[in-house]
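Trainee: Let's see this in three dimensions:
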Amino acid sequence: MNASIVRQPLLAAFATLLLVVAAAAMQWPLDPAPLHQAAPASDATVPELTEENWGALVVEPWLVGLQQNAPTLIRTAAALLLFLVGAAVGSTSARYALYPMRTHLAIPLYGLVGCGILLGDHYAAASVTAAGLVLSLRNLYASFRNGYSFDALLRGGIYLGCLPLIHARTLPLVVLLPLAVVLFKRSARECAVALFGLVLPILAYSYIYWGCGGEFTAPVREMWLRLAESIVPLDCKALSTLQLATGAGYLLLTLAAIRLYIRDIHATGTKQRAILLFNCCCFVLVALLIAFSSRETAFWMPVCAIPTATLLPVLFTRISPWIANPIYLLAIIACVGLMIA
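Mentor: Below is the predicted model of the structure:
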């Protein structure tokens with residue numbers, strides 16, 4: 001019987017993820033670039049976006065400040081957080097038996113996709129955003145069961161609602177919540193609880209900001225302004241040839257995995273089918289954000305790696321080891337090449 005990378009031991013999967021994350025962390029800059037430039041207010045009620053008051057509206061500048069003040073500590077914490085995110089993606093796929101055979105391939109794939117293509121300056125915000133998204137997804141998956149799932153939907157909504165506070169450009173990801181409610185067949189009362197959890201973080205944040213003397217609606221308005229300013233097409237000239245080739249390769253492989261999922265859609269269970277379809281929609285959404293809101297393309301890679309690493313084993317488990325093993329080896333070679341380039 002031919003050895004297949006799909007059947008690699010759990011220890012090997014964790015070791016690959018750990019090596020990739022550690023190697024990426026060694027490349028992260030100690031001093032991140034300035035996050036935002038000051039912008040004039042559009043009217044008298046909108047405060048000017050300066051370094052002093054912008055930190056009162058979103059969390060990301062605080063994380064950037066931590067990177068500048070304690071770079072070694074934050075670099076280690078971000079690497080550990082990304083390792084835990086990769087482990088969570090793999091454990092979730094194994095727990096819900098998403099593939100025809102039991103495999104831990106999603107664990108190393110998360111590291112290769114999330115840390116091996118681009119090395120961003122603001123890795124602290126990217127790692128926290130990826131952790132918030134994977135926590136939200138795990139709770140949304142858990143809501144697909146018999147009976148009511150108020151607790152899981154509430155937690156999933158809260159985690160998802162926290163993402164725009166970490167990075168304003170993640171605001172479009174909130175559409176994942178109503179999508180999950182539809183795909184996981186939740187009731188109207190559960191939908192109301194999920195929506196309450198979604199808006200709870202921004203309401204609490206706005207209340208705190210208002211209590212400190214600001215305007216109650218300022219955080220929402222500033223997030224919307226940041227989102228509108230971020231709509232810029234992807235600049236391929238800013239990426240190297242190897243980065244473009246690697247990203248295009250993962251895109252084609254993921255599209256092939258989606259094609260196989262659609263072809264064999266009735267060969268999986270109801271829960272597995274819904275979770276994989278949800279990840280297909282999540283991948284399309286994040287890919288669109290990268291293409292049309294991509295001033296910080298590197299920020300999105302740990303986020304995009306979550307649905308990508310979940311979907312790619314669908315392809316690897318259905319093709320011959322003679323094809324799967326060389327593809328996996330090429331992914332490792334591309335990752336090493338990007339890190340030493």
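Trainee: Mind listing what's buried along the host helix or strand of Leu80?
Mentor: Here Leu80 sits within helix 71-95, counting by DSSP states H and E. By 16 or more other C-beta atoms under 10 Å, the buried positions in helix 71-95 come out as 71, 74-75, 78-79, 81-90, 92-94. (Each C-beta comes from the backbone N, C-alpha and C, glycine too.)
Trainee: helix or strand right after that helix?
Mentor: Criterion used, DSSP H and E; the element after helix 71-95 is helix 106-114.
Trainee: now the angle from that following helix to helix 71-95?
Mentor: Put simply, helix 106-114 runs at 130 degrees to helix 71-95, going by axes from the mean of the first three to the mean of the last three C-alpha atoms, to 10 degrees.
Trainee: could you give the mean pLDDT of helix 106-114?
Mentor: Helix 106-114 comes out with an average pLDDT of 93.
Trainee: For the helix holding Leu80, name the packing helices and strands.
Mentor: helix 10-27, helix 60-69, helix 106-114, helix 123-142, helix 297-316 (3 or more C-beta pairs under 8 Å, 6 or more residues apart in numbering; DSSP states H and E).
Trainee: Just name the most buried of these.
Mentor: Highest mean neighbour count among those (mean count of other C-beta atoms under 10 Å): helix 106-114, with a mean of 28.
Trainee: quick one: it to helix 297-316, angle?
Mentor: Going by the same axes, to 10 degrees, helix 106-114 makes 140 degrees with helix 297-316.
Trainee: and helix 106-114, what other elements does it pack with?
Mentor: Checked by 3+ C-beta pairs under 8 Å, 6+ apart, helix 106-114 has helix 10-27, helix 71-95, helix 297-316, helix 321-340 packed alongside it.
Trainee: Take these and lay them out in CSV including distance to Cys282 and mean pLDDT.
Mentor: Shown next, in CSV, are the helices and strands packed on helix 106-114 (distance: least, C-beta to C-beta, whole Å; pLDDT from 0 to 100):
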stretch, distance to Cys282, mean pLDDT
helix 10-27, 20, 91
helix 71-95, 12, 91
helix 297-316, 4, 90
helix 321-340, 21, 90
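Trainee: got those as CSV, with distance to Leu133 columns?
Mentor: Shown next, in CSV, are the helices and strands packed on helix 106-114 (distance: least, C-beta to C-beta, whole Å):
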stretch, distance to Leu133
helix 10-27, 17
helix 71-95, 8
helix 297-316, 6
helix 321-340, 22
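Trainee: wait, which of these is closest to Leu276?
Mentor: Relative to Leu276, the nearest member of the helices and strands packed on helix 106-114 by C-beta to C-beta is helix 297-316, separated by 6.9 Å.
Trainee: counting contacts, what elements does that closest one pack onto?
Mentor: Looks like helix 297-316 contacts helix 71-95, helix 106-114, helix 123-142, helix 241-263, helix 270-292, helix 321-340 (3+ C-beta pairs under 8 Å, 6+ apart).
Trainee: now these in a markdown table, with distance to Tyr205?
Mentor: Listed next are the helices and strands packed on helix 297-316 as a markdown table, based on distance: least, C-beta to C-beta, whole Å:
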| stretch | distance to Tyr205 |
| --- | --- |
| helix 71-95 | 21 |
| helix 106-114 | 27 |
| helix 123-142 | 14 |
| helix 241-263 | 34 |
| helix 270-292 | 22 |
| helix 321-340 | 36 |
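Trainee: Buried residues in the helix or strand containing Leu165, which are they?
Mentor: Using DSSP H and E, Leu165 maps to helix 150-166. For helix 150-166, the neighbour count (16+ other C-beta under 10 Å) marks 150, 152-166 as buried.
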